Structures are given as structure tokens and as C-alpha cells.
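Student: Take this sequence and fold it.
(2 chains)
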Amino acid sequence: MFLGSECLLFGGLISTYMLYKGRVNAGPQPDQIFDIPFTSVSSFVLLMSSLTMVLAVSAAQRKDERNMNLWLVITALLGATFVGGQVYEFTAFYREGLGFTTSLFGSSFYTLTGFHGVHVSVGIIMLMALVGMNRNKRIPGDRAEVVELVGLYWHFVDIVWIIIFTLVYLIPS
Amino acid sequence: MSTATEHSEQTEHTDGHEAEHHGLSDKQYIYIALILAALTAIEVSTYYVDFGPFFMPTLLILMVVKFVTVVSYFMHLKFDNKLFTYLFYSGLLLAISVYCGFLATFKFFLQKG
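Tutor: Numbering: from 1, shown residues only, chains lettered A, B, ... in the order given. Predicted coordinates for the structure are as follows:
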């Protein structure tokens, strides 16, 4: 239910961006500002974090605590790298003249990718909380199931980025 | 002693069976990640190479393939009850239809055509 409601939220944000990406009265156009090689590396990092997350779930199912913690920390680090890249990208865009209120394209772009970045950040907090709780033996119930639930959220964030990367970055206005 | 060993072997067997039931082996997950990485590389290549009329269909097909692969294998939908698959994809199709309808009311598809 939660992921379903999140799908509807991002569906609305993506649709709004699709409507407004051509509305540029001031400031740079999407194809003038996007740095595809840089964003491709960020996308690759997030995609690989899905692999490390599934390896953490797999280790949790095997009751391999050491590897589970290791993969969870690596997943969080990859997520942090992605968020760091997004902060750098936003700063670079702002310096090139694309503010939040510069144009409808700017507003819808920052809202969509910003919401996604917040979701990744929440995912990192969940991963680190999971590692901390596991070390203190405070995970209630079936540990593998708890790790899998956090994993589902993380993969959801990844599939949303798969759509954003194609529709926002690779398909020009 | 032998009872403890038998119990340990039985537990390992059960765990192994559970892990098998819930998904693939670690090596198979790595193969899938490599396939996803290759698909991403093809996506990025559309930025450098002119795909002509195949540009948009290629990107959309690759996006759908990557989406379905992550949902099926990493989110374990393929290994769960089929009912979840039907529920997920029917909900997804319904949501896509609603958003396409929403975009159509703003003549989005006419503008692009």
C-alpha cells in the first residue's frame, strides 16, 4: 500500500514534469544544462546499490550477519554517493542560471528530482538504523523479513530513478 | 554429537531451501546486475550515437526491461505468489492509464505529434 501510494506520488510528479519541461521563458533549456555523462555515472551507482541491497537480503536469509551488515553499509555509501552527486548537480545548475522559480521547467525538475533525492536520503537513514539495530540485537521478529522490507523500499527508489533517467535526462524536450 | 551435527545439517538445508525459495544465488544476482549495467550503457549510447527513428522506442523499451528486471528479480516478485504479480501489474497499468489520460487532457500527445 505504501509503495503503491509512492508510485502515485511520483507518477504525478513525472507527469507534471513532462507537461512543463518545454515551458522555458527564462533560463537554460533542459538539453543545454544536463550533463549526461555525469548523471549516467550516478545512475550506475544507484543501480549497483540495488545489487548490494539484494546481496544484503540474501545474506540475511542465510543468517550471515557479518555480510549482511557489510552489504547494508555499502548500499548506504552508494546511496550517499548518489545524493552527493545530486547536490553537486543542483549546485552546478543553479550557477548556470536555473533556479527553482526561473521557469516551469526548473520548478518541475527540482521538485521531481528533489523528492527522489529525499527518498534516497530516507533510505540511507533506514539502512543505517537497520545496521545499528542489528548490532544491538534490537530488530523485532524475523530479521530477514525486516531487511527485505527495507530492500523493497530501496529497489522502489531505484526503479523510480530508472524512469526519471530515461524520461527526464535522455529524452530531450 | 551426531544429533547436533544432523540438526545443524538439517538447519543449513532448510536455510538453503528458504534462500532458494526467496530468490536466486548471489552469483545469479551479480549476472543480473551486469545485464542491467549493459542495458544502461546502451541507453547512454543513444546520447552519442544517432539511432534515428529508433531513438525513442529503444529508450522506452530499455526502460521497461530494466524496470521489469529489478521488480522481478531484485524485488522477488517472480518468486512470490502469482497473485502479487497480477495485483502489481494491474495496478501499474491502471496508474499509467490514469496519468496518460491526465496528460491527454492537456493535449500533451498532440503537441509532441
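Student: Please count neighbours and contacts with C-alpha atoms only from this point.
Tutor: Noted.
Student: can you tell me the helix or strand for the residue sitting furthest away from the middle of chain A?
Tutor: Here chain A reaches farthest from its C-alpha mean at residue A:25, the gap being 29.0 Å by Cα atoms, centre = their mean. Applying DSSP states H and E as the criterion places residue A:25 outside every helix and strand.
Student: hang on, it packs against residue A:103?
Tutor: Yes - shown here, residue A:25 and residue A:103 form a contact pair, counting by Cα atoms under 8 Å, at 6.1 Å.
Student: if we can go back for a sec, so what's the residue farthest from the centre of chain A up against?
Tutor: Listed by Cα atoms under 8 Å, 6 or more residues apart in numbering or on different chains, the contact set of residue A:25 reads residue A:103.
Student: and it, how far is that from residue B:108?
Tutor: 18 Å (Cα to Cα, to the nearest Å).
Student: how much space between residue B:56 and residue A:158?
Tutor: Taken as Cα to Cα, the span from residue B:56 to residue A:158 is 21 Å.
Student: Looking at those two, which one has more neighbours?
Tutor: The residue with more neighbours, out of residue B:56 and residue A:158, is residue A:158; 24 against 15, by other Cα atoms under 10 Å in any protein chain shown.
Student: what residues does the helix or strand containing that one touch?
Tutor: Using DSSP H and E, residue A:158 maps to helix A:143-164. Helix A:143-164 is contacted from outside by A:3, A:10, A:14, A:43, A:46-47, A:50, A:53-54, A:56-57, A:60-61, A:63, A:113, A:116, A:119-120, A:123, A:126-127, A:130, A:139, B:63, B:66-67, B:70-71, B:74-75, using Cα under 8 Å, 6+ apart.
Student: among the residues you listed, which ones are buried?
Tutor: Among those, those scoring as buried are A:10, A:14, A:43, A:46-47, A:50, A:53-54, A:56-57, A:60-61, A:113, A:116, A:119-120, A:123, A:126-127, A:130, A:139, B:63, B:66-67, B:70-71, B:74-75 (criterion: 16 or more other Cα atoms under 10 Å in any protein chain shown).
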